[in-house]
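In: sequence first, then the predicted structure:
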Amino acid sequence: MLDLIILGLHFFFCFLISIAIWCGPKDVDLHSSSTGGAEIETDGLIFIGKEEDIKKSQRITAKINGREIVVFYHDGKFHALDSRCYHEGGPLWRGEIEDIDGRACIVCPWHKFKIVLETGEGLYEGINPLEPSPTPKWQSKGVKQRIHKVTIDNRNIYVSPLDLSLSFDSDYFADKYKNGGELAMGK
């Protein structure tokens, strides 16, 4: 009988955790109903938010033409990238930022993949088995995550429009979660 009570409590707590995740942070939707796009300034930049608001929160999510991005403020710099991890679509806005070999990296909360905020490179720790006493070293997988150029003007934060002439691994999940699909942010 005690086993059934413990099992019931376990399922109840799992249910509560699921509800908390489901009702997690909401994104900023920059769509306008008339154009279907984000607020675009005259010089082509897309307004994301006020500098002081993003500095205070350390991160903000937004949608640009249906594509989810996250803007981080870390060590005095703003970084913007696709909000879903290139590996399996994990929610990067919920990840922690760590310093790895002098580079600020977002760590995906799902599988702990590390992504350099400044470049979008995926990092892994590997060894060279040909060395007499191999020691793990951080190495690059190449650029896997799409980053977005951030511009600060008059205490406002903007990102540049997407350049889709290049393809990145994160594009797959950006498209999969686009326009509030069944896997959209916070849903």
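Out: It's in. Residues are numbered from 1 along each chain as shown.
In: low-confidence ranges in the chain?
Out: 3-4, 7, 9-42, 179-187 (pLDDT under 70).
In: which stretches in it count as helices?
Out: 2-22, 51-57, 171-176 (DSSP state H).
In: Lys178: how many residues sit nearby?
Out: When neighbours are counted by other Cβ atoms under 10 Å, Lys178 registers 16. For glycine as for every other residue, the C-beta is placed from the backbone atoms N, C-alpha and C.
In: residues in contact with it?
Out: Shown in contact with Lys178 (Cβ atoms under 8 Å, 6 or more residues apart in numbering): 66-68.
In: out of these, who has the most neighbours?
Out: Neighbour max across the contacts of Lys178 (other Cβ under 10 Å) = Glu68, 25 neighbours.
In: pretty sure it is touching Phe173, no?
Out: No: with contacts defined as Cβ atoms under 8 Å, Glu68 does not count as touching Phe173, sitting 9.1 Å away.
In: give me the common contacts of the two.
Out: Between them, Glu68 and Phe173 share the contacting residues 82, 84, judged by Cβ under 8 Å, 6+ apart.
In: and Ile60, how far from Ile127?
Out: 38 Å (Cβ to Cβ, to the nearest Å).
In: those two: which is more packed in?
Out: Ile60 (23 against 12).
In: ok, now which ones touch that one?
Out: 28, 48-49, 53-54, 70-71.
In: can I get the residues you listed in JSON lines including distance to Ser83 and neighbour count?
Out: Listed next are the contacts of Ile60 as JSON lines, based on distance: Cβ to Cβ, whole Å; neighbours: other Cβ atoms under 10 Å:
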{"residue": "Val28", "distance to Ser83": "11", "neighbour count": "14"}
{"residue": "Ile48", "distance to Ser83": "12", "neighbour count": "27"}
{"residue": "Gly49", "distance to Ser83": "15", "neighbour count": "16"}
{"residue": "Asp53", "distance to Ser83": "18", "neighbour count": "14"}
{"residue": "Ile54", "distance to Ser83": "14", "neighbour count": "20"}
{"residue": "Val70", "distance to Ser83": "4", "neighbour count": "23"}
{"residue": "Val71", "distance to Ser83": "9", "neighbour count": "24"}
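In: closest to Leu81 out of those?
Out: Val70 (6.4 Å; Cβ to Cβ).
In: any idea what that closest one is bridged to?
Out: Here Val70 sits in beta bridges with Thr61, Leu81, as judged by DSSP bridges.
In: hang on, the earlier thing: taking the contacts of Lys178 one by one, which sit in strands?
Out: Residues of those located in strands (DSSP state E): 67-68.
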